[in-house]
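Trainee: show me the folded form of this:
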Amino acid sequence: QVHLVESGGGLVQAGGSLRLSCAASGYRLSDYDMRWFRQAPGKHSEFVAGIKWSRDSTDYLDSLKGRFAISKDNAKKMVYLQMNDLRPEDTARYYCNAENTQLGNYWGQGTQVTVSS
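Mentor: Residues are numbered from 1 along each chain as shown. Have a look, this model is predicted:
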């Protein structure tokens, strides 16, 4: 079992920044790939960024490269999403995800990000 708790969302003006945090706990946590997804009202969930506990390699939705940055703190078991130059179209609920094809797929409750124009 893996437990994920997101925080850091809120209301921000266009051009502003937010940093989302995901506190992770559970069994064999280091075996999971950690990712951020988002879902806007009326739209499908989309992958935002991913990172592995065991490596520093990262992956991003192409359209977000340069504005968003995923990072981790292995000791604190935290995953972060730094979001800069936010735009109204970034408004969505952001979810932390832990996936291992054999161990399971876990989600946090999400944190709302609203960007005003």
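Trainee: where in this protein is pLDDT low?
Mentor: Under the criterion pLDDT under 70, no range of the chain is flagged.
Trainee: which SS class is the most centrally placed residue in it?
Mentor: Nearest to the mean C-alpha position of the chain, by Cα atoms, centre = their mean, lies Trp36 at 2.8 Å. Recorded secondary structure, Trp36: strand (DSSP: H, G, I helix; E, B strand; the rest coil).
Trainee: leaving out the residues flanking it, which one is nearest to it?
Mentor: Computed as Cβ to Cβ, 6 or more residues apart in numbering, the closest residue to Trp36 that is not its neighbour in sequence is Val48, at 4.2 Å. (C-beta placed from N, C-alpha, C; glycine too.)
Trainee: for that neighbour, what are its contacts?
Mentor: Neighbouring residues of Val48 by Cβ atoms under 8 Å, 6 or more residues apart in numbering: Arg35, Trp36, Phe37, Arg38, Tyr60, Leu61, Leu64, Phe68, Ile70, Leu81, Tyr94.
Trainee: again with Asn105
Mentor: If you count contacts by Cβ under 8 Å, 6+ apart, then Asn105 has Asn97, Ala98, Glu99 around it.
Trainee: Arg35 is in contact with the first one, correct?
Mentor: Yes. If you go by Cβ atoms under 8 Å, Asn97 and Arg35 touch, sitting 4.5 Å apart.
Trainee: neighbour-wise, give me the winner out of the contacts of Asn105.
Mentor: Ala98 (24 neighbours; other Cβ atoms under 10 Å).
Trainee: for Arg67, see how far away that one is.
Mentor: Between Ala98 and Arg67 the computed distance is 24 Å (Cβ to Cβ, to the nearest Å).
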